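[1] Pasting a predicted model and its sequence here:
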Amino acid sequence: MTPFLTSFPRRRRFLIVVPVLALLVWALLPPPRFNSPTTLLDAFKGSSRKSSDNILRYVDPLIGTVNGGHVFPGATLPYGMAKAVADSNNHGEAAAGFVSDDSEIQGFSHLHDSGTGGSPSLGNFPLFVHPGCPEDDYSQCYFGIGLNNSVYAEMTASQHATLYKFSFPDKAEVESHGVVVPSSPLILIDLTDLGNTRTGGDIEVNPVTGRITGNGSFTPSFGSGAYTAHFCADFRGAEVRKTGTFLHTNATDELNALGNVGSNFYIPSGSAGAWIHFARPSKGQIMARVGLSFISVAQACRNAETEIPDFGFDDVVKASEKAWKEKLSVVRPDYSRMSNELLTTFWSGLYRALISPQDYTGENQLWKSDEPYYDSFYCIWDSYRAQHPLLTIVDPVVQTRMVRSLIDTYKHEGKLPDCRMSFSKGYTQGGSNADVVLADAFVKNLTDGIDWEVGYEAVVSDAEVEPKDWSTSGRGGLVSWHQLGYVPYDDVDRNGTGPMSRGISRTVEYAYDDFAIALMARGLGRKGDETKYLQRSRNWKNLFNPQQEDRYRDEVGEVQKTQFKGFLQPRFRNGTWRYQNTRLCSPIYQQHSCYYDTQYDTYEGSPWLYTFYVPQDMASLIEALGGRRAFVERLDYFHSSGINYMGNEPNFLPTFQFHYGGRPGRSAYWVHQYIPAQFNSSINGIPGNDDCAMGAFTAFAFMGFYPVAGQDVYLLTAPLFREVSIRTPTGKLATLRNAAGFDAPRYESIYIQSAKLDGRPYTRSWITHDFFVNGGTLEFVLGTEESDWGTRDEDLPPSLSTGMLD
């Protein structure tokens, strides 16, 4: 969360959700206001403010903490390594730790990812707190079970350390797990993680100072490899009575160390750690500071001592709040006529887009480098489409550092990642989509410290050199790609190994990746390469079957068909077609059938979806589909029939692709169908894994434009605000303004009738990145019906076949 996180004490399991919700919202307010009911109620009212003077009150980190959103709602800095939150024991939903349901809290841990699919990620070294033990005997306390006691927890974070404030009832005796016990807190730290993947490790508690240090080796949640993490925990507020260690449910005060640091005892898997039994806190509180590192215990201790030297909770909160305000205040919307729900949806979406990737610079355990190191690109298949283009606008300095980090990863590991977490290679879901991230930065002229010669070498490696294991980096099937121009269903790959599936989605993504490389080649003066990769970018046509019909079974089992003909289909090496149902892997037909290691030719989407993925040459696709009218009808059907699933990132761009068919008004229509119906301020207010991309989509839709990632193109719709300004790198403002017709919250006038750029008529339905660098004012007049704005041939977004590169 923004500044910090708190939780109510809980005496019964069913009381968990309501108090946690209340104080998560409460924690959004500045510290002096925490006890002000009127301020809390005011946060739920609509606003007439005309500037973003109080951003954080509209950030709700609980959005997406159920329904598969897997959002991290705890304390963190922008892109912060340390991420503190209470972890729930709902294994199926706790990928980011906390879940907004009635599951028990199983501890407070300090490292997390946000918005991911796959298995639970990180959650290392959870800290447990008990207010006391039966008979005042540590051995009678609970080890390794959910918390259900009278402890009140608050937490905040710096870049590499977390700080907890545990408050206890001011009584000689307190209730814990239904038992009245003496007030003498016991705190333990477990070496485990959310996925219970630990092997080995060490832990030690100093019986005099109470410092607990330790480490362990763990495996990533969606990839191959292993990583080591270290921690250093210090406590203040009460005297140390006893210390010891535990293994599973057995505790002892005879050993203060396990593993190589003390007993030369190999710690088996499962629960293991150290504990401290404190005297009753004199002021009713115990502070716990946990330093973190991926290098060493010593560095974890230095991180904590440097960043939080005096356990100053309020100071850390204020620093975190300042960091978030600085990042978010780049965007300045007009709040006129905006409801609290819409403002919360927008600001929370923008906030989530800045949680990851995480800045691990100085903590790279794999190689030494002067370059930045970012982790949790989880995964680029999700984030390249919206999140990275958003960062290029609102935080170009950090996006530049991320590009440098990707290039440095190529230099040391031989390939750009498509997915990366916990210093490990994640599984490649489709193409080599870091190519698009680099091309997007290149065409938008991010340069500071980027070695574009090495960057170009990296993307060419993806296009030309197949790795031995292309399941976690690079591309597979390159012989077929180069010779046949597609990835066949029966591909025979003798150069590397990986799942022999996803031929359609890999083909269209490889085609677009090669188009992105062609743009870089053009900019670097490599004419021969440009020609080669432009030719390969047309390979999507090789899987387009113009005769393929759209057939389905109705409610009584009868086979029906629509008027739509022509879809991407699997193909054999000999050129003949194989059939895949055009609706397979959509919400209306076997949605969960197309994953990484399944047999089908599309990944997490249907042939209906992937047939639209030709952003390099939409004009050619539209021609193949029967022209603009037929294309618009097909795209409308895609959205209205239930085939589209907005819970996955490839489905974002089709919301705006009506622009290419000369109907930008239909893009605006569908934006308003999805917001707030599927993107809203409820705890299940996003339709799928957040991936830091759902928030980016939300932010773009509110601001009135959407990127075609890898190109210098933004598709325009009317902002949901009366006006929004973005501070540019040159210090100027890029302002999009609804100058007339704005009618929120009804939103009946959503169609652009005319536009002006800096006072001059502007008829294009798209704009370039120069607007977000050098600033300007784009004004719209809105109406209740579609107009002819943006519909002429010369006003359509560019396509390869209509002179994009002329």
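    Arrived safely, thanks for sending.
[2] what ranges do the strands span in the stretch 101-250 of the chain?
    105-109, 127-130, 152-157, 161-167, 173-176, 179-182, 186-190, 199-205, 212-218, 223-224, 227-236, 240-247, 250-252 (DSSP state E, counting those that start in this stretch).
[3] what's the fourth one in contact with?
    The one in question is strand 161-167. 75, 82-84, 108, 110, 127, 129, 151-157, 185, 187, 284-292, 303-304, 307-308, 311, 313, 316 (Cβ atoms under 8 Å, 6 or more residues apart in numbering). (C-beta placed from N, C-alpha, C; glycine too.)
[4] Can you list the strands that that strand pairs with?
    strand 152-157 (antiparallel), strand 285-293 (antiparallel) (DSSP bridges).
[5] What of the longest one?
    Strand 227-236 pairs in its sheet with strand 212-218 (antiparallel), strand 285-293 (antiparallel), by DSSP bridges.
[6] and the last one with strand 105-109, angle?
    Going by axes from the mean of the first three to the mean of the last three Cα atoms, to 10 degrees, strand 285-293 is angled at 60 degrees with respect to strand 105-109.
[7] now the angle between strand 212-218 and the next helix or strand after strand 285-293, please.
    Sequence-wise, the next helix or strand downstream of strand 285-293 (DSSP states H and E) is helix 297-307. Computed by the same axes, to 10 degrees, the angle separating helix 297-307 from strand 212-218 equals 120 degrees.
[8] Mind giving me the packing neighbours of helix 297-307?
    For helix 297-307, the packing partners by 3 or more Cβ pairs under 8 Å, 6 or more residues apart in numbering; DSSP states H and E come out as strand 161-167, strand 212-218, strand 227-236, strand 285-293.
[9] Run the chain-centre distance for it.
    28 Å (Cα atoms, centre = their mean, to the nearest Å).
[10] So which of the strands of the stretch 101-250 of the chain is nearest residue 455?
    strand 223-224 (23.1 Å; Cβ to Cβ).
[11] which secondary structure elements does that closest one contact?
    Using 3+ Cβ pairs under 8 Å, 6+ apart, strand 223-224 is in contact with strand 424-426.
[12] Report the rounded mean pLDDT for the helix or strand that comes right after the strand it packs on.
    Beyond strand 424-426 in the direction of the C-terminus, DSSP H and E gives the next helix or strand as helix 434-443. Mean pLDDT, helix 434-443: 98.
[13] How about stretch 185-203?
    96.
[14] can you pull the buried residues of that stretch?
    185-195, 197-198, 200-203 (16 or more other Cβ atoms under 10 Å).
[15] Can I get it in PDB? Just the C-alpha atoms.
    Output of stretch 185-203 as PDB, limited to C-alpha atoms (Å, rounded to 0.1, in the frame of the first residue of the first chain):
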ATOM      1  CA  PRO A 185       4.800 -11.500  23.900                       C
ATOM      2  CA  LEU A 186       6.500 -14.200  21.900                       C
ATOM      3  CA  ILE A 187       7.700 -13.400  18.400                       C
ATOM      4  CA  LEU A 188       9.100 -16.000  16.000                       C
ATOM      5  CA  ILE A 189      10.400 -15.900  12.400                       C
ATOM      6  CA  ASP A 190      10.100 -18.800  10.100                       C
ATOM      7  CA  LEU A 191      12.500 -19.500   7.200                       C
ATOM      8  CA  THR A 192       9.700 -20.600   4.900                       C
ATOM      9  CA  ASP A 193       8.100 -18.800   2.000                       C
ATOM     10  CA  LEU A 194       4.500 -18.700   0.600                       C
ATOM     11  CA  GLY A 195       5.200 -21.700  -1.700                       C
ATOM     12  CA  ASN A 196       7.000 -23.700   1.000                       C
ATOM     13  CA  THR A 197       9.900 -24.100  -1.400                       C
ATOM     14  CA  ARG A 198      12.800 -23.600   1.000                       C
ATOM     15  CA  THR A 199      15.800 -25.800   1.100                       C
ATOM     16  CA  GLY A 200      18.700 -25.600   3.600                       C
ATOM     17  CA  GLY A 201      19.500 -22.300   5.100                       C
ATOM     18  CA  ASP A 202      20.600 -20.900   8.500                       C
ATOM     19  CA  ILE A 203      19.000 -19.100  11.400                       C
END
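[16] Centre of the chain to it, how far?
    The answer for stretch 185-203 is 26 Å, by Cα atoms, centre = their mean.
[17] do the same with stretch 326-343
    So, by Cα atoms, centre = their mean, the centroid of stretch 326-343 is 21 Å from its chain's centroid.
[18] Repeat that for stretch 633-650.
    The answer for stretch 633-650 is 22 Å, by Cα atoms, centre = their mean.
[19] I'd like the numbering to begin with 416 instead of 1 from here.
    With 416 as the first residue, the last one maps to stretch 1048-1065.
[20] Which other helices and strands does the helix ranked longest in the chain contact?
    Taking DSSP state H as the assignment, the helix of the chain that covers the most residues is helix 918-938. In terms of contacts (3+ Cβ pairs under 8 Å, 6+ apart), helix 918-938 is packed against helix 849-858, helix 867-879, helix 942-951, strand 974-983, helix 1022-1026.
[21] how about a cut-off of 7 Å?
    helix 849-858, helix 867-879, helix 942-951, helix 1022-1026 (3 or more Cβ pairs under 7 Å, 6 or more residues apart in numbering; DSSP states H and E).
[22] could I have it exported to PDB, CA atoms only?
    Taking C-alpha atoms only, helix 918-938 is exported to PDB below (Å, rounded to 0.1, in the frame of the first residue of the first chain):
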ATOM      1  CA  GLY A 918       1.700 -22.200 -33.100                       C
ATOM      2  CA  ILE A 919      -0.800 -19.500 -33.900                       C
ATOM      3  CA  SER A 920       0.000 -17.200 -31.000                       C
ATOM      4  CA  ARG A 921       3.700 -17.700 -31.400                       C
ATOM      5  CA  THR A 922       3.500 -17.000 -35.100                       C
ATOM      6  CA  VAL A 923       1.700 -13.700 -34.800                       C
ATOM      7  CA  GLU A 924       3.900 -12.600 -31.900                       C
ATOM      8  CA  TYR A 925       7.100 -13.500 -33.700                       C
ATOM      9  CA  ALA A 926       5.800 -11.500 -36.700                       C
ATOM     10  CA  TYR A 927       5.200  -8.500 -34.600                       C
ATOM     11  CA  ASP A 928       8.500  -8.900 -32.700                       C
ATOM     12  CA  ASP A 929      10.300  -8.900 -36.100                       C
ATOM     13  CA  PHE A 930       8.400  -5.800 -37.100                       C
ATOM     14  CA  ALA A 931       9.700  -4.100 -33.900                       C
ATOM     15  CA  ILE A 932      13.200  -5.200 -34.800                       C
ATOM     16  CA  ALA A 933      12.700  -3.700 -38.300                       C
ATOM     17  CA  LEU A 934      11.900  -0.400 -36.700                       C
ATOM     18  CA  MET A 935      15.100  -0.500 -34.700                       C
ATOM     19  CA  ALA A 936      17.100  -1.600 -37.800                       C
ATOM     20  CA  ARG A 937      15.600   1.400 -39.700                       C
ATOM     21  CA  GLY A 938      16.600   3.800 -37.000                       C
END
